[in-house]
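Asker: Below are the sequence and a predicted model; questions follow.
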Amino acid sequence: MKKIFRTGLSIAVFSVAVISCSGPQKVTEQEVAQAAVSGTTTELVEQKQKEFEYLFVEALKQKMFGNGQKAVQLLSSCLEIDPNSSAAMFELANIHAANNDFTSASLLLEKAISINPENKWYRLLLAQIYQQTRKFSEAADIYTVLLKEEPENLEYLYMNAALLASAQRFDEAITAYNRMEKKTGISEQISVARQQIYVSTGKIDKAFEEINILIENNPGEAKYYGLLADLYQSQGDAENALKNYKKIQEMDPENGFVHFSLANYYLENGETEKSFEETKAGFNSSAVDMQTKLQLYMMLTANPAQSQLNTTQRNELIAILLENHPKESLVHTIHAEALLKENKLEEGREALLKAIAINPNDYMVWERIMYIDNDLQQWDKLYEHTGQIIELFPNQPQGYFFKAIACVQLEKFEETIELSEEGLDYVVENPQLEANFLMLKGEAVYKNGNKTEAYKIFDNAVEIDPENYLTLNNYAYYLSLDGIDLDKAERMSGKVVERFPDNSTYLDTHAWVLFKKGEYTLAKFYMDSAIKNGGEDNDTLLEHYGDILYKSGKKEEALKYWKKAAEYGGDSELLKRKIENQTYIEE
């Protein structure tokens, strides 16, 4: 059952206004206060009476200013003075409801109603809370009570009918809708609601009857034929469904939405090519809003395993969206996602940059661009884009972090230190990110030649986040390069390899630590694994492998891997000397 609730009955307005068919009716704070005092505090001594009045009005004032907690305290004090103040209970319930504490709110309102059953505002708020907590039957009963007092109130009558339907009290709901129709005449809202009830209860003939009444009452309204077609389709009558979909096209050739109905019709009947053609027609229609098109696209592509679209068809729909809505940032974002799924990183980034050009304040898109820059290892691009991000979002630490990564790679070590320190100011309860900032700062300090200070920073990073594997790996590697604290380096790199046994970079670090300790056989074991797990084209790993092979007595193989390292980009003077002299040379 489709539930249509008018927006007028919101929690926020119950204490000051209630919308009815006759228009808004204001209830001032003074009136509520006076009613509370005159109705419930007559037996209080004069001093208590004045105290109650002061606290109550002050509570309303604090509530108006947005100080909900203070208002709760004041209203609670009111109830201590007069435990039977229904007005204080109502205001307190309002605040609890606004904070989604529906249990407390409903208990207060139920008590307020028992004290003052004539106050309709109490009942209206309680009905709203029952509705939000899916107590549809209880909410419907409240409107039944309200209708006894105001039988001509169409708002109450409609809500009563809709809630009865939601509570699956279908016969009562039909009666309520019939009663409403006698007052309003034939209406789409009532007929569609009854039609849905009849479908739910298996009374299909009556469901058809409701739609036909709408058509007879307004034969020029194309969407009613759509309702009829959908009902035929749901009952397996493909012939009559198609007949009515075609009727819509005859009546309203510009109706873009019918294409989606036809697409679904053809899909359910196994005609996938026709279904896709209708989908494209709907996407091309200027009568269909972009949001509807995007929602349908998301539905069609949400689950690739079950999607009826292949990659070519998906790209066709994206091309249509781009052609018809080139100035919509979300369209370019969708295009980017499709490209990234095909691992087209640079093209995907280009699409994201187009989205950002339209809407530069979308942080999530900027963050995606950062990750792509990093994955592509295009440090100039990362440096450029993170500069823009920091300018737009100065409180987001990720911008500083990724710019610091770019600075390390571009050997801008002083700027790395500055960015790390600045970024740390914006890290809140995120030890991993805090440790990563310290790791980058330590890298920069190390590269600047202050190794002692760098090791202190690395120690601090490991203390903050002992499971930060990137820091553990880099720290171990620098210790191995310097040939100090090798046992400590082995413990750290061993922990990393245990967690990531197939990562060639981490395997290389562990192998190099073992090499520095003179454990060549074990070092070769880990370096074999590093080469097999993606290190076969990495010049640093290939050179390390050559060094280990040489120390393991395999000098010819060592020379072979040094030469391979040179082929894959290794151009250090030390590597050239190893190849030329055919011997290992200590760094």
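Answerer: That came in fine, so what should we check first?

Asker: Please name the nearest non-neighbouring residue to residue 359.
Answerer: Distance criterion Cβ to Cβ, 6 or more residues apart in numbering; nearest residue to residue 359, sequence neighbours excluded, is residue 329 at 4.0 Å. For every residue, glycine as well, the C-beta is placed using N, CA and C.

Asker: residue contacts, the one you found?
Answerer: For residue 329, the contact set (Cβ atoms under 8 Å, 6 or more residues apart in numbering) comprises 354-356, 358-359, 362, 365.

Asker: And the residues you listed, which is closest to residue 70?
Answerer: residue 362 (37.1 Å; Cβ to Cβ).

Asker: and the gap between residue 431 and residue 460?
Answerer: Noted for residue 431: a distance of 11 Å to residue 460, by Cβ to Cβ, to the nearest Å.

Asker: what's around the residue nearest to residue 282 when sequence neighbours are not counted, how many residues?
Answerer: Using Cβ to Cβ, 6+ apart and skipping residues adjacent in sequence, the residue nearest residue 282 is residue 259, 3.5 Å away. Residues within reach of residue 259, counting by other Cβ atoms under 10 Å, total 23.

Asker: I'd like the next helix or strand past the helix or strand where residue 259 lies.
Answerer: With elements taken from DSSP states H and E, the one containing residue 259 is helix 257-268. Per DSSP H and E, the first helix or strand lying C-terminal to helix 257-268 is helix 272-284.

Asker: quick one: contacts of that following helix?
Answerer: 256-257, 259-260, 262-267, 288, 293, 296-297, 300, 308-309, 313, 316-317, 320-321, 324.

Asker: Now do the contacts for residue 146.
Answerer: By Cβ under 8 Å, 6+ apart, the contact set of residue 146 is 120, 123-124, 153, 156.

Asker: next SSE after the helix or strand containing it?
Answerer: Using DSSP H and E, residue 146 maps to helix 136-149. Per DSSP H and E, the first helix or strand lying C-terminal to helix 136-149 is helix 154-166.

Asker: got the angle between that following helix and helix 136-149?
Answerer: Relative orientation of helix 154-166 and helix 136-149, computed by axes from the mean of the first three to the mean of the last three Cα atoms, to 10 degrees: 150 degrees.

Asker: separation between residue 309 and residue 116?
Answerer: Distance of residue 309 to residue 116, given as Cβ to Cβ: 60 Å.

Asker: And the contacts of residue 329, which two are furthest apart?
Answerer: Using Cβ to Cβ, the contacts of residue 329 span at most 11.9 Å, a distance reached by 354 and 362.

Asker: would CSV of the contacts of residue 329 with neighbour count be doable?
Answerer: Output for the contacts of residue 329, formatted as CSV (neighbours: other Cβ atoms under 10 Å):
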residue, neighbour count
354, 18
355, 23
356, 22
358, 15
359, 13
362, 17
365, 20
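
Asker: Redo these as JSON lines? Include distance to residue 225, pLDDT and secondary structure.
Answerer: Converted to JSON lines, the contacts of residue 329 look like this (distance: Cβ to Cβ, whole Å; pLDDT from 0 to 100; DSSP: H, G, I helix; E, B strand; the rest coil):
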{"residue": "354", "distance to residue 225": "40", "pLDDT": "97", "secondary structure": "helix"}
{"residue": "355", "distance to residue 225": "39", "pLDDT": "97", "secondary structure": "helix"}
{"residue": "356", "distance to residue 225": "44", "pLDDT": "96", "secondary structure": "helix"}
{"residue": "358", "distance to residue 225": "39", "pLDDT": "96", "secondary structure": "helix"}
{"residue": "359", "distance to residue 225": "39", "pLDDT": "95", "secondary structure": "coil"}
{"residue": "362", "distance to residue 225": "41", "pLDDT": "95", "secondary structure": "coil"}
{"residue": "365", "distance to residue 225": "42", "pLDDT": "97", "secondary structure": "helix"}
